[in-house]
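In: Sharing a sequence plus its predicted fold:
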Amino acid sequence: MAYTVPKLTDYSTAALDRATRDLLSALEEESAAVRTEPEYEALRIRWRARKDGIVTQVNDLWLKTAPRQAKRNVGQKVNEVILSRVDAVLQERHDHVKNLGILEKARAAGLDAELDAARCAVELAESIDITLPGVRRPIGAEHPIIRTSNEIVSVFQKLGYSVADGPIVETDYYNFEALNFPPNHPARDTQDTLFIANQQSKPQRERLLLRTHTSPVQIRTMEKMRPPIRIVIPGQVHRNDPPDASHSPMFHQIEGLAVDTNITFGDLKGTLDHAMKELFGSSVKTSFRPSFFPFTEPSAELYVTCFVCGGSGKRGTEPCRPCKQTGWMEVLGCGMVDPNVFEFVKDNGYDPKKVSGFAFGMGVDRLALLKYGVDDLQLFFQGDVRFLQQFS
Ligand code: PHE
């Protein structure tokens, strides 16, 4: 039996709710049966015609006749629930009828693409199948440089080191002064520093620059943590090097720092020899060769037997290029922390008479290049998905 709007005699909230529920379920039922434009038009007129449509009747039979005290309550129901719901249901059904129309037309004309689109829309409206697989978003992969960096970090984490980090935009104080590069010292020239513009009005130690190494985080960490400490510090650094196949103005380092009482050069050698064997295989040999850094004394460069040619300097009959036929590759700079560096953090427990330590800093990018057999460093930074996808 078709729905007709009842006269209301009982204006209580419960009665009003019941009448509204009946009306809306009649609407749902009638609208679900509508499949063509003429049917839709009939539905619209029945419910929404200004003269005698169901909504109009509700106004007349429920609202206008309502006793004064109930008017507000009934008015709210009619406007907020009935009117808005009727319009929403009609709109939804009209969209659906239109899609059905497109489907029909496409079917008649044999238009495959439109048929598919219309079918999708109709299917979506008629049922949402929760058993269908969801929309899959491809998951990303670790960038090869970050992966290499994480691998190195984890070697030290197994030795009990924790991870620290610090800012890439650094002050002159942390990048140079507290690392025992006095103002105007020629060792600063070796760093090819990129300075932030317009800093001249500040005292030199406060001027900003892009950190040229991860070593400033040695100081920052010692300011925060009392000895003993064992930390590694992975991160980006910048130098004024024009980009080419083996250089980039932005690259990555991992710094290491261990401070305690009685740390010796023997600890430095043992730790790094172990780490190199973990990284490159147990058969690599290490060689410590004298060097200079302002913040370590003595200082050394660590070489490992070339992990491309195994130390022979040759690949078959060809010369080994990565080690320039020497059989050795330089992998990092290191040394015993210079007592002058401890002076800057003395108040936090780093009395150079009581503690000693070692530090090292290694480049990550070149290792990643060799590890993955990539011949141009720039590929790592251009963000070409076709290149990066190969590492997923
Ligand atoms: N910071 C140095 C560099 O970038 C490397 C280094 C770190 C050397 C720690 C000694 C100790 O070249």
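Out: Received it, and whenever you're ready, just let me know what you need. Just so you know, these numbers come straight off a predicted model, no measurement behind them. Residues are numbered from 1 along each chain as shown.

In: where does the residue in the stretch 151-300 of the chain that the ligand sits nearest to land in three-state SS?
Out: Of all residues in the stretch 151-300 of the chain, residue 213 sits closest to the ligand, at 3.4 Å by CB to the nearest ligand atom. Glycine gets a C-beta too; all of them are placed from N, C-alpha and C. Under DSSP: H, G, I helix; E, B strand; the rest coil, the three-state class of residue 213 is coil.

In: residues touching the residue in the chain positioned nearest to the ligand, list them.
Out: With CB to the nearest ligand atom, the shortest gap between the chain and the ligand falls at residue 361, namely 2.7 Å. Listed by CB atoms under 8 Å, 6 or more residues apart in numbering, the contact partners of residue 361 are 213, 214, 215, 253, 254, 255, 256, 332, 333, 334.

In: Show the buried residues in the residues you listed.
Out: Among these, those buried by neighbour count (16 or more other CB atoms under 10 Å) are 213, 214, 215, 253, 254, 255, 256, 332, 333, 334.

In: Tell me the predicted confidence for the third one.
Out: According to the predicted model, the pLDDT of residue 215 comes to 98.

In: same deal with the fourth one?
Out: Reading off the confidence values, residue 253 has pLDDT 98.

In: Excluding chain neighbours, what is closest to it?
Out: Closest residue in space to residue 253, ignoring its immediate chain neighbours: residue 214 at 4.5 Å, by CB to CB, 6 or more residues apart in numbering.

In: OK, contacts around the one you found?
Out: Residue 214 neighbours (CB under 8 Å, 6+ apart): 166, 233, 234, 235, 237, 253, 254, 255, 361.

In: Looks like the residue of the stretch 151-300 of the chain closest to the ligand contacts residue 191 (just checking).
Out: Yes - applying CB atoms under 8 Å as the test, residue 213 and residue 191 come out as touching, 7.3 Å apart.

In: what do those two both touch?
Out: Contacts common to residue 213 and residue 191, judged by CB under 8 Å, 6+ apart, are residue 175.

In: buried stuff in stretch 57-65?
Out: For stretch 57-65, the neighbour count (16+ other CB under 10 Å) marks 57, 58, 59, 61, 62, 63 as buried.

In: swap in stretch 148-159?
Out: Within stretch 148-159, the residues that count as buried by 16+ other CB under 10 Å are 148, 149, 152, 153, 155, 156.

In: among those residues, which are in helices?
Out: 148, 149, 152, 153, 155, 156 (DSSP state H).

In: What is the most widely separated pair among those residues?
Out: Within those, 148 and 156 form the most distant pair, 13.7 Å apart (CB to CB).

In: Need the phi and psi values for the residue nearest to residue 253.
Out: phi -90, psi 0 (degrees, to the nearest 10).

In: do the same with residue 61
Out: Dihedral angles for residue 61 - degrees, to the nearest 10 - are phi -80, psi -30.

In: Nearest to residue 376 among the ones in helices among the buried residues of stretch 148-159?
Out: residue 148 (16.3 Å).

In: which ones are touching the residue lying closest to that closest one once chain neighbours are set aside?
Out: What sits nearest to residue 148 in space, not counting adjacent residues and going by CB to CB, 6+ apart, is residue 368, at 4.1 Å. Residues near residue 368 by CB under 8 Å, 6+ apart: 144, 145, 147, 148, 374, 380.

In: For ChimeraX, write the select line for the buried members of these.
Out: The buried residues among the contacts of residue 368 can be selected in ChimeraX (16+ other CB under 10 Å) with this line:
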select :144,145,148,374,380
